[in-house]
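Asks: here's my sequence, what's the structure:
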Amino acid sequence: MKKKDLFKGYTGRILLIVSLGWAITQTGRFLLPPLLPAIMEEVNISVFVAGIILTIMQIVYALAQYPSGKLSDISNRSVIIIPGMLVIALSFFLLAGVNTASILVISVALLGLGRAMYNIPSRALISDLFSSKRGEAMGIFTAGSDLGGIVAGGISVALVAVSGLFIIGGIPNWRVVMFFWGLVALFLVVLFKSQEKEVLNLNFKGGKIYEILNKIKSSVKEDIGYILGGKSQRETILAFAFFIFVATAIVNFLPLYLIEEKGFSLRISGSIFGWFFLLGMVVKPIIGGLSDRFPRYLISMGGLMISAVGIGLLIVAESVIGVMIAIAIFAIGYKGQFPVIDAILMDGAPDNLTGSYIGAARTVFFTLGGVGAAYMGWMGQYHSFQIGFIGLGIALIIAIILLYRNY
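Replies: Numbering: from 1, shown residues only. Purely as a prediction, here's the structure:
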């Protein structure tokens, strides 16, 4: 299959639509870090509490991945993907009106749930449609996340530029954007359903709902066996957990880190945040393609090494140009990890259980790694973001060692 063939016919349309859906989802999700100072002031919370709340989102996202993948295996992908996007839309609407910490918790928890419901079945759907080019197809899908980050960075810069503009009733412009993004998520549901061939109903592949529950119960043991597996499997998943720990910490607090530690303005930090994702959108399909041609473990280890170098440079850089170079180096290694991790998980999963196995493994390492936001919030409030970033570099080194032991 040639690269251009990835976008042809029904499979190509579905790949583009689900990638667009992920971009829409991640735009709303990645608006949270640049807007964090405004949201913290709105609901009167500290940096540490903000880290805890963002960790809740990550933990819900992690825990919901396994049941989402399992249900998509024994029913069909659409019956999970479509409700997932509806939950995402609801979370954006709630974020648009957030005025208390409790509403913020509910909003981000729903966002985590909806992302899991959309993400895992979509990945499994891509795995169903692309077998020989999984790495490349997953690179395109995961690049949708970076497109979302670019758009979020651009929106945050634009919001600062027009910060004095309000609509009737004095509603801040960032609330208007979140509400609009909820409408965009609803449009995605219509677009996806117009192309997807699967029938959306409750008589799943296995029959009635009680039969489905019995199937889930009987197969959980097999899924746990896959996760725990042998020593190599356990250490590989642990390595991915350390990586997600770093990812969660950086994505949620990079703009605030640049403001607090580097003294950058909100506009500059938002621009650098978008720059970070722009590089990721370019890198992911390339690295995903390389992982189809060379040993995936080698590609993963190399990426982690590059990321560690990028963090080291980011810690010492002081100028905007220096920080942008450090971010570029970090992004090359960091962003390329996602399609490689997905491909490694897919390689070890039976074709009829792709969603279950991917969801199970991701639930484990996203749950373990999800505390990264709480860690960085704690470091930012009680120590310093700079020391926190040193800890992230150490976490990457541990991940490299674990992968090397099992290569």
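Asks: list the contacts for residue 83?
Replies: Residues in contact with residue 83, defined by CB atoms under 8 Å, 6 or more residues apart in numbering, are residue 117. All C-beta atoms are positioned from the backbone trio N, CA, C, and that covers glycine.
Asks: sorry, slip of the keys, the one I care about is residue 109.
Replies: 56-57, 60.
Asks: the residue lying closest to residue 242 once chain neighbours are set aside: neighbour count?
Replies: Leaving aside its sequence neighbours, residue 242 sits nearest to residue 399 (CB to CB, 6 or more residues apart in numbering; 4.0 Å). The tally of other residues near residue 399 (other CB atoms under 10 Å) stands at 28.
Asks: how about residue 77?
Replies: Count around residue 77 with other CB under 10 Å applied: 24.
Asks: ditto for residue 100
Replies: 12.
Asks: state the phi and psi torsions of it.
Replies: Per-residue torsions, residue 100: phi -140, psi 160 (degrees, to the nearest 10).
Asks: the one 5 residues further on now?
Replies: Backbone torsions for residue 105, taken as degrees, to the nearest 10, come to phi -60, psi -50.
Asks: for burial, what's the neighbour tally of it?
Replies: Residue 105, neighbours per other CB under 10 Å, totals 16.
Asks: ditto for residue 347
Replies: Counted with other CB under 10 Å, residue 347 comes out at 11.
Asks: separation between the residue nearest to it when sequence neighbours are not counted and residue 174?
Replies: Distance criterion CB to CB, 6+ apart; nearest residue to residue 347, sequence neighbours excluded, is residue 296 at 7.4 Å. In this view, residue 296 and residue 174 are 40 Å apart by CB to CB, to the nearest Å.
Asks: what do you get for residue 405?
Replies: 46 Å.
Asks: before we move on, what about residue 301?
Replies: Going from residue 301 to residue 174 by CB to CB gives 40 Å.
Asks: also residue 180?
Replies: 11 Å.
Asks: out of those two, which sits in the more crowded spot?
Replies: Between residue 180 and residue 174, residue 174 has the larger neighbour count (other CB under 10 Å), namely 21 against 14.
Asks: so how far is residue 37 from the more buried one?
Replies: Distance from residue 174 to residue 37, by CB to CB: 11 Å.
Asks: quick check: neighbours shared by the two?
Replies: Joint contacts of residue 174 and residue 37 (CB under 8 Å, 6+ apart) do not exist.
Asks: in the helix or strand where residue 300 lies, which residues are buried?
Replies: Using DSSP states H and E, residue 300 maps to helix 296-316. Under the neighbour-count criterion of 16 or more other CB atoms under 10 Å, helix 296-316 has 296-297, 299-304, 306-315 buried.
Asks: alpha carbons only: can I get that helix in PDB?
Replies: Provided in PDB are the C-alpha atoms of helix 296-316 (Å, rounded to 0.1, in the frame of the first residue of the first chain):
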ATOM      1  CA  ARG A 296      10.000  -0.500  17.200                       C
ATOM      2  CA  TYR A 297      11.900  -0.800  20.500                       C
ATOM      3  CA  LEU A 298      15.000   0.800  19.000                       C
ATOM      4  CA  ILE A 299      12.900   3.700  17.600                       C
ATOM      5  CA  SER A 300      11.200   4.100  21.000                       C
ATOM      6  CA  MET A 301      14.500   4.100  22.900                       C
ATOM      7  CA  GLY A 302      16.000   6.600  20.500                       C
ATOM      8  CA  GLY A 303      13.000   8.900  20.900                       C
ATOM      9  CA  LEU A 304      13.200   8.800  24.700                       C
ATOM     10  CA  MET A 305      16.900   9.700  24.600                       C
ATOM     11  CA  ILE A 306      16.300  12.700  22.400                       C
ATOM     12  CA  SER A 307      13.500  13.800  24.700                       C
ATOM     13  CA  ALA A 308      15.800  13.600  27.700                       C
ATOM     14  CA  VAL A 309      18.300  15.800  25.900                       C
ATOM     15  CA  GLY A 310      15.500  18.300  25.100                       C
ATOM     16  CA  ILE A 311      14.400  18.500  28.800                       C
ATOM     17  CA  GLY A 312      18.000  19.200  29.800                       C
ATOM     18  CA  LEU A 313      18.300  22.000  27.300                       C
ATOM     19  CA  LEU A 314      14.900  23.400  28.300                       C
ATOM     20  CA  ILE A 315      16.000  23.600  32.000                       C
ATOM     21  CA  VAL A 316      19.100  25.700  31.100                       C
END
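Asks: lovely, talk soon.
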